[in-house]
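**Student:** take a look and give me a structure for this.
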Amino acid sequence: MDRVSVVSLVVGTVLPLLTAALSKSSWPVWLKQLITAVFSAATGVGVGVGLEHSGGRSATVVAANALTTFATAAAVFAATWKPTGAIDTLESVLVRDVPGDDQEPATPAQDADITSAKITRTPSE
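**Tutor:** A predicted model of the protein is given here:
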């Protein structure tokens, strides 16, 4: 196994952890997969640029390494990181969901309704 494949496998192993650390748990799955795919493509390009200085590689090898990274990330995620709960823990550590964050902000009219409400007391027994 050449060092290019080793780099792709190592990056693919830790890539789900990086994606989880940078995303919110409420984000849709497709967005997290897109982030992983972008990081995988960046790994393929980075490896290609690094190899260009040491003899060069074709675009096919760069694409194959990007796909190897993504496939490794998906497999390790499903087999290791998700079942152990590491992904859920990381998603809740760095980028937290704020309660009510998914709601639309109040309009000035709604704020006026809240501030103009009268508070009445009922007699206690």
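
**Student:** in this protein, which helix is the longest?
**Tutor:** Longest helix in the chain by number of residues (criterion: DSSP state H): helix 29-52.

**Student:** need the contact partners of that helix.
**Tutor:** 4, 7-8, 11-12, 15-16, 18-20, 22-23, 57, 59, 61-67, 69-70, 73-74 (C-beta atoms under 8 Å, 6 or more residues apart in numbering). (C-beta placed from N, C-alpha, C; glycine too.)

**Student:** buried stuff in it?
**Tutor:** Using 16 or more other C-beta atoms under 10 Å as the test for burial, helix 29-52 gives K32, I35, T36, A37, F39, S40, A41, T43, G44, V47, G48, L51.

**Student:** ok, so what distance separates the fourth one from T84?
**Tutor:** I take that to be A37. Computed as C-beta to C-beta, to the nearest Å, the A37 to T84 distance reads 23 Å.
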